[in-house]
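[1] got a predicted structure plus its sequence, pasted below:
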There are 4 protein chains.
Amino acid sequence: MNGKRDSSVYIPTKERILNAALRLFSVKGFRGTTIKDIAREVEITEGAIYRHFRSKEEIIEHLVRRVTGEIRELVKRKVLPEGDVVSRAKALAEALLNYALDNPDSFRFLTVYHILKENGGAERLPGGLLIETFREAYRKGELGLHPEVAFGLVTGSVEKLFILWELGMVRTHRDILIEELKYAVEKALS
Amino acid sequence: MNGKRDSSVYIPTKERILNAALRLFSVKGFRGTTIKDIAREVEITEGAIYRHFRSKEEIIEHLVRRVTGEIRELVKRKVLPEGDVVSRAKALAEALLNYALDNPDSFRFLTVYHILKENGGAERLPGGLLIETFREAYRKGELGLHPEVAFGLVTGSVEKLFILWELGMVRTHRDILIEELKYAVEKALS
Amino acid sequence: MNGKRDSSVYIPTKERILNAALRLFSVKGFRGTTIKDIAREVEITEGAIYRHFRSKEEIIEHLVRRVTGEIRELVKRKVLPEGDVVSRAKALAEALLNYALDNPDSFRFLTVYHILKENGGAERLPGGLLIETFREAYRKGELGLHPEVAFGLVTGSVEKLFILWELGMVRTHRDILIEELKYAVEKALS
Amino acid sequence: MNGKRDSSVYIPTKERILNAALRLFSVKGFRGTTIKDIAREVEITEGAIYRHFRSKEEIIEHLVRRVTGEIRELVKRKVLPEGDVVSRAKALAEALLNYALDNPDSFRFLTVYHILKENGGAERLPGGLLIETFREAYRKGELGLHPEVAFGLVTGSVEKLFILWELGMVRTHRDILIEELKYAVEKALS
DNA sequence: TATGAATGAGCTTTCATTCAT
DNA sequence: TATGAATGAAAGCTCATTCAT
């Protein structure tokens, strides 16, 4: 009677709230999403949300921490510290795009979060982590571009390709998309 | 006597409202920016805004039309229809990045507008215009990547470099940034 | 260039404002009619109205005085003090209905004014004048009904017939309508 | 503990809002009555009203439906289809006046609603129902007046007598008022 | 006289949050 | 845990009125 959609797996309310909020925030923005919107999606009442979170702000912080954590983890796992810059950049591009395509709401959410300063909120680009890869290679003389430019090219390409994909504008197969991305990264950074 | 900010040129209120709104929307989003915010910036009262625009929505529409028009115009002027894809892509990247660096508020505004669907509003990527450049080259066999991928690489790179620049994360000279961007585009598309 | 509708007779702006206001107030009520509504109708700007009237309130007062004055005058002229009650009541009914049909806006205006207490405004039924006719007859024993009832029957009938006429619900000829009204009044009061 | 006004019966907030709105609208008109007015009367805040109604407009629609429904019901119950026109008209007049005197706010509300077109709103005279009574009799040759005229006389008289009564201008006993009304209707229609 | 931009108060409505149940 | 009525602050918008031109 409470597990939502009966026979399916049970998902705790707190989790359901976070999932709904993630999706809504990523599409309608933070101010554009109301507590009522989230409650309606989860099929509970507004008041119930405050059993699980102290405020709307807290939900956002929770989500930011979760998504940046996931990406940090992913990069740590996929972009190994050995190897040349180019292969590491390719691995980064592949991992990021895969994450975006597999977790579109999360990726969108982060994009929205980084672009908007609705609150005057602090900025915490997970770039901090990623960009080091390029800085190091630059110092070693392995990179023909400034590290920030290289970083921008790779991550910017991934983000835009994801958006175009979501809009249905990219008509290639997913695997081909990733191959082309890696190919272009390889050539651009060589 | 009325020109705001001492002896400088007179700017009509309607224009001042648009400028303030552009900047605020581009930073705090549409819902995050209130009419009061705009009024405060322009140093008039909220009611006065409604002498120039029927609604907040109308201000947004006005700005979208203006900014997309400017970019459309720019692309038409700078990206000449002759020449190979690569040089045209380079010209596109250069023109876009220059526009972004010269009109940061406008460029940010458009980014925010395209990402957020606070309203469920219509989508009008100015991509329509730009992407044709790549589609045509692809048909002629001049392009090694799918046109949408090429388009995503170029515009995504520009957008992300602009954001990094704005955050003060890019430490190169502006000219060098543009040169590196063009160089990377050239290699990626060849 | 100023006389409104070119070649036609010149009507001073103040008069045009009053006419427009009369019509609008009578249809949309006092709060429902804005100064802008009136200005638009007269084809001047809002500010111009304040050259002729100190406030919206003053326009209303002006119109109340005008319309009650007209009706007072009319009754004085048409309902002669000689004759029996019945013929005087018939004359009253006829005069009132004729006035209403000839000056629908004025008559509607007064109805609205008497029904609404939007302002907490004072009531000044022009009934004061008319009802005396019946009070006197009642004292003389010429009237089978209480004077207020007789007054209500006659004026209420006129008002409702006017409204039905305006709504297009009365399909008889105007003269017949008046004849039937007088006939009914005669019988009711005898 | 919450029932408002000490120990008396509990009335749900939605009902209290409707009652307050009915009274205020009937006196000050639709535009002249603010949500704050209603809230103050009910002793809740403005926001609370929107938990029960989506808009001011919805409150008005609710009330129109309620009052017209009541009168429709009343006429159905009191004005039996058998009998001659005159007795039916008398029954109608009596039922209407009784309703008005018993539910002055409702009756006033309907009057205001029918006279004002603040919204450009639809017209739904409950007359549709009542007037058929007269149309039928007219076809059968039982009625000396056009049916719309007869309808206007009866309902107009009721409405005006009600207003005079409310203003304290009718000094007779209520029963006598009704008797005189019926007597006049009888004679007018015979 | 007339214009039209501007003001300021007030209106309808929204929304994060609280609280009694 | 959950509900849902209520609060209170703020948002978008309207409008009578003023004022410089």
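    Good, I have the coordinates. Numbers count the residues shown, from 1 in each chain, chains lettered A, B, ... in the order given.

[2] select the helix or strand of chain A having the lowest average pLDDT value.
    Ranked by mean pLDDT, DSSP states H and E, the weakest helix or strand in chain A is helix A:127-139, scoring a mean of 79.

[3] and it, what does it pack onto?
    helix A:56-78, helix A:85-102, helix A:147-166 (3 or more CB pairs under 8 Å, 6 or more residues apart in numbering or on different chains; DSSP states H and E). Quick note: C-beta positions are derived from backbone N, CA and C, even for glycine.

[4] deepest of those, which one?
    Sort the helices and strands packed on helix A:127-139 by mean neighbour count, taking mean count of other CB atoms under 10 Å in any protein chain shown, and helix A:147-166 sits at the top with a mean of 25.

[5] among the helices and strands packed on helix A:127-139, which comes closest to DNA strand F?
    In terms of CB to the nearest atom of the strand, the element of the helices and strands packed on helix A:127-139 nearest to DNA strand F is helix A:56-78, at 12.3 Å.

[6] give me the contacts around the closest one.
    A:17-18, A:21-22, A:25, A:30, A:35, A:38, A:49, A:53, A:91-92, A:94-96, A:99, A:103, A:106-107, A:109-110, A:113, A:119, A:124, A:126, A:129-130 (CB atoms under 8 Å, 6 or more residues apart in numbering or on different chains).

[7] buried ones among those?
    Buried subset of the contacts of helix A:56-78 (neighbour count, 16 or more other CB atoms under 10 Å in any protein chain shown): A:17-18, A:21-22, A:25, A:30, A:35, A:38, A:49, A:53, A:91-92, A:94-96, A:99, A:103, A:106-107, A:109-110, A:113, A:126, A:130.

[8] near DNA strand E at all, stretch A:55-62?
    Yes. Stretch A:55-62 lies within reach of DNA strand E by CB under 7 Å from any atom of the strand, at A:Ser55, A:Lys56, A:Glu57.

[9] TSV for those residues, including distance to C:Val158?
    As requested, the residues of stretch A:55-62 next to DNA strand E are exported to TSV (distance: CB to CB, whole Å):
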residue	distance to C:Val158
A:Ser55	65
A:Lys56	62
A:Glu57	66
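
[10] and of the residues you listed, the nearest to D:Arg171?
    Taking CB to CB as the measure, D:Arg171 lies nearest A:Lys56 of the residues of stretch A:55-62 next to DNA strand E, at 63.9 Å.

[11] distance check, the closest one against chain C.
    Taking CB to the nearest CB, to the nearest Å as the measure, A:Lys56 falls 38 Å from chain C.

[12] now do A:Asp175
    63 Å.

[13] give the other helices and strands that the particular helix or strand that has that residue in it contacts.
    In the assignment (DSSP states H and E), A:Asp175 maps to helix A:174-189. Packing contacts for helix A:174-189, counted by 3+ CB pairs under 8 Å, 6+ apart, involve helix A:85-102, helix A:147-166, helix B:147-166, helix B:174-189.

[14] pull out the buried positions in the shortest one.
    Taking 16+ other CB under 10 Å as the basis for neighbour counts, the residues of helix B:174-189 that come out buried are B:Leu177, B:Ile178, B:Glu180, B:Leu181, B:Lys182, B:Ala184, B:Val185, B:Glu186, B:Lys187, B:Ala188, B:Leu189.

[15] what residues are up against the residue nearest the centre of chain A?
    Nearest to the mean C-alpha position of chain A, counting by CA atoms, centre = their mean, stands A:Phe107 at 2.7 Å. A:Phe107 makes contact with A:Val67, A:Tyr99, A:Ala100, A:Glu159, A:Phe162 under the criterion CB under 8 Å, 6+ apart.

[16] run the angle between the least confident helix or strand of chain A and helix A:174-189 for me.
    Between helix A:127-139 and helix A:174-189, the angle comes out at 50 degrees (axes from the mean of the first three to the mean of the last three CA atoms, to 10 degrees).

[17] roughly how far out does helix A:127-139 sit from the chain middle?
    Its chain's C-alpha centre and that of helix A:127-139 lie 19 Å apart, by CA atoms, centre = their mean, to the nearest Å.

[18] please identify the buried residues of that helix?
    A:Gly127, A:Leu130, A:Ile131, A:Thr133, A:Phe134, A:Ala137, A:Tyr138.

[19] do the same with stretch A:26-45
    For stretch A:26-45, by 16+ other CB under 10 Å, it's A:26-33, A:35, A:37-39, A:41-42, A:44.

[20] what mean pLDDT does it have?
    Regarding stretch A:26-45, the rounded mean pLDDT is 96.

[21] try stretch A:55-68
    Averaging pLDDT along stretch A:55-68 gives 96.

[22] how about JSON lines for the buried residues of helix B:174-189, with pLDDT added?
    Below are the buried residues of helix B:174-189 laid out as JSON lines (pLDDT from 0 to 100):
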{"residue": "B:Leu177", "pLDDT": "97"}
{"residue": "B:Ile178", "pLDDT": "97"}
{"residue": "B:Glu180", "pLDDT": "97"}
{"residue": "B:Leu181", "pLDDT": "97"}
{"residue": "B:Lys182", "pLDDT": "97"}
{"residue": "B:Ala184", "pLDDT": "96"}
{"residue": "B:Val185", "pLDDT": "96"}
{"residue": "B:Glu186", "pLDDT": "95"}
{"residue": "B:Lys187", "pLDDT": "94"}
{"residue": "B:Ala188", "pLDDT": "95"}
{"residue": "B:Leu189", "pLDDT": "92"}
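
[23] what's the spacing between the residue in chain A positioned nearest to DNA strand F and A:Ile35?
    Residue of chain A nearest DNA strand F, by CB to the nearest atom of the strand: A:Gly47 (2.1 Å). Separation of A:Gly47 from A:Ile35 (CB to CB, to the nearest Å): 9 Å.

[24] what of A:Ile71?
    A:Ile71 sits 27 Å away from A:Ile35, going by CB to CB.

[25] do A:Leu80 as well
    Distance, A:Leu80 to A:Ile35, using CB to CB: 43 Å.

[26] do the same with A:Asp102
    Distance of A:Asp102 to A:Ile35, given as CB to CB: 28 Å.

[27] same check on A:Asp175?
    Distance, A:Asp175 to A:Ile35, using CB to CB: 41 Å.

[28] leaving out chain neighbours, which residue sits closest to the residue of chain A found nearest chain D?
    Distances between chain A and chain D by CB to the nearest CB are smallest at A:Glu46, namely 11.1 Å. Spatially, and ignoring its direct neighbours in sequence, A:Glu46 is nearest to A:Ala39 (4.7 Å; CB to CB, 6 or more residues apart in numbering or on different chains).
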